[in-house]
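> I'd like to go over a predicted model; first the sequence, then the structure.
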Amino acid sequence: MFSSVKEKNSGFSFGIPVLTTKPSSSNGLTTLTAAPTTSVQPAFGTTTLTRDDNSEVTDSSETREPRPQFTFLGGQLKLESPWRNMDWTEEQKTSLMETITSYRRSCEEVPQARVLLLGPVSSGKSSFISSVQSVFNGRVTNRAMVGSFSSGFTKKLQSFNIRGKKGEDHTGLVLCDTMGMSEDGITGLTLHDILSVVKGHVPEGHKFSPDQPVSASETVGYVKRPSLKDKVHCVAFVVDASKITTYPKGLSTTFKQLRKHISDLGVHQVALLTHVDQVCLQTAKNVTGVYESRTIQDVMGKAAALLGMSTSYIVPVKNYSSELDLDVNTDVLLLSAVDHILQYADLYFQDNAPQNKELKTALDL
Ligand SMILES: Nc1nc2c(ncn2[C@@H]2O[C@H](COP(=O)(O)OP(=O)(O)OP(=O)(O)O)[C@@H](O)[C@H]2O)c(=O)[nH]1
Ligand SMILES: [Mg+2]
């Protein structure tokens, strides 16, 4: 039913040259430079990156054993073959759009799969929703950003029906946007409020406030007895590739706690690794290189450690941020992420479909 990406195991791990973007004055393009603190540890041969002060960071490790799996290209580490296979074509884009548009839950009771995006502030949650909408709209739009940029950050629970191509009905997917989660345990969305959303108690449009936890007595419109359609059916964590090594230490503990509680509710979880264009120059130039980039493979490993989940649940994504036009490769990557999410949302329905529930209960007895 779904066209999943196939993973290949390469089993190498290297340091990440974190790249920062600097707007170029004349042509409006961005240039990528390595942050001054970057340590470039890998491989053989010589790789040269430029610091913010334009001095060169050179890594020459001729004494090490050659590793034939990848080659250097333009100062970047490039694997000789991609570690996940992806078909970067218009046909693949069309096929993924059709799969997503025709997606129907394995559970009649629920009209749409509700997927909650969760992640630190500015990780790219709203941008992902906006980017997916753009693909289906056929042009780059920033609808999900309404009300977010004006106040700085997303504060409310907002659900977005993903519409099929122009003139077509809604897909079977609703993406739910929230406030950025707490990185320090003080600001941002709390564990309590997140679990209230997952359980389906929080009404649409609810404005989160760390001082006012969601409660039956205080929250206007609190859903006391949520039905299956009110609940969240899959959680997609969103983390920023360019911040993976600088997120506060406590964030990993928060993610792991959260994952345990969400798993206890029977909800499957996946993750989106955004901003991949900001950690790999080749991918910034051409997103088809995403699964050939050693840097991104390495960041994926670090994201997996941060989230406490296997890399097979994580997909890289490049959101539309400053672009004005759609790019077919970026679309394929975005649609593959949606396809990936839907596979795990569907598992929830398989587990909770009345006939399967009866079977599960019988097996549990
Ligand atoms: N280069 C690049 N920029 C991105 C990407 N995703 C998001 N951005 C930018 O990152 C910034 C934050 O993105 P948002 O989508 O607002 O992040 P958010 O997670 O919704 O943030 P909060 O609502 O504040 O929690 C914006 O300036 C986006 O344009 C990406 O994949 N690549
Ligand atoms: Mg947002």
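Yes, it's here. Quick caveat, the model's predicted, so the values are computed rather than measured. Ligands and ions are numbered 1, 2, ... in the order given.
> Contact partners for Leu347?
Counting by C-beta atoms under 8 Å, 6 or more residues apart in numbering, Leu347 makes contact with His268. For the C-beta atoms, the positions are set from N, CA and C on the backbone; glycine is no exception.
> what about it, which SS state?
Recorded secondary structure, Leu347: helix (DSSP: H, G, I helix; E, B strand; the rest coil).
> measure it to ligand 2 for me?
Separation of Leu347 from ligand 2 (C-beta to the ion, to the nearest Å) stands at 26 Å.
> quick one: that residue from Met309, how far?
According to C-beta to C-beta, to the nearest Å, Leu347 stands 15 Å off from Met309.
> Also Ser182?
Distance from Ser182 to Met309, counting by C-beta to C-beta: 19 Å.
> Same question for Leu326.
Distance, Leu326 to Met309, by C-beta to C-beta: 30 Å.
> Mind checking if whichever helix or strand Gln133 is part of is in reach of ligand 1?
Here Gln133 sits within helix 125-137, counting by DSSP states H and E. Yes. Looking at helix 125-137 against ligand 1 by C-beta under 6 Å from any ligand atom, the contacts come from 125-127.
> Does anything pack onto that helix? Which helices or strands?
Under the contact definition 3 or more C-beta pairs under 8 Å, 6 or more residues apart in numbering; DSSP states H and E, helix 125-137 sits against helix 90-101, strand 113-118, strand 158-163, strand 170-177, strand 268-274, helix 328-352.
> Looking at the record's assignment, how would you partition the protein?
6-73, 84-364 (automatic domain parsing).
> Flag whichever of the ones you listed has the least confidence on average.
Mean pLDDT per stretch puts domain 6-73 lowest among the domains of the chain, at a mean of 37.
> how about the residues of the protein that lie near ligand 1?
Proximity of the chain to ligand 1 (C-beta under 6 Å from any ligand atom) is limited to residues 119, 121-127, 148, 153-154, 180, 274-275, 277-278, 318-319, 321.
> mind checking how far the closest residue to Tyr222 other than its chain neighbours is from ligand 2?
Spatial nearest neighbour of Tyr222, chain neighbours left out: Ala216 (5.1 Å); criterion: C-beta to C-beta, 6 or more residues apart in numbering. Counting by C-beta to the ion, the gap from Ala216 to ligand 2 is 27 Å.
> State the distance from Ala216 to Gly200.
In terms of C-beta to C-beta, Ala216 sits 13 Å off from Gly200.
> tell me the centre residue of the protein?
Nearest residue to the geometric centre of the chain (C-alpha atoms, centre = their mean): Leu272, 1.7 Å.
> hang on, that one packs against Ala337?
Yes. Between Leu272 and Ala337 there is a contact under C-beta atoms under 8 Å: 5.7 Å.
> Which member of the residues of helix 125-137 next to ligand 1 is positioned nearest Asp193?
When the residues of helix 125-137 next to ligand 1 are compared for distance to Asp193 (C-beta to C-beta), Lys125 wins out at 15.1 Å.
> wait, the closest one sits on Thr154?
Yes. Using C-beta under 8 Å, Lys125 is in contact with Thr154, at 6.9 Å.
> Comparing the two, which residue is more hemmed in?
Shown here are Lys125 and Thr154; by other C-beta atoms under 10 Å, Lys125 has more neighbours (30 against 24).
> Chain neighbours aside, what residue packs nearest to that one?
Per C-beta to C-beta, 6+ apart, closest to Lys125 is Leu117, 4.2 Å.
> picking that back up, looking at the residues of helix 125-137 next to ligand 1, which is nearest Val238?
Val238 lies nearest to Lys125 out of these, by C-beta to C-beta, at 4.8 Å.
> helix/strand/coil for Arg259?
Assignment for Arg259 (three-state DSSP): helix.
> Contact partners for Ile296?
With contact set as C-beta under 8 Å, 6+ apart, Ile296 has these partners: 241, 273, 276, 279-280, 283, 290, 316.
> So it, which state does it fall into?
With three-state DSSP as the basis, Ile296 sits in helix.
> Contact residues of the stretch 151-300 of the chain facing ligand 2?
Applying C-beta under 5 Å from the ion, one finds that the stretch 151-300 of the chain approaches ligand 2 through Thr154.
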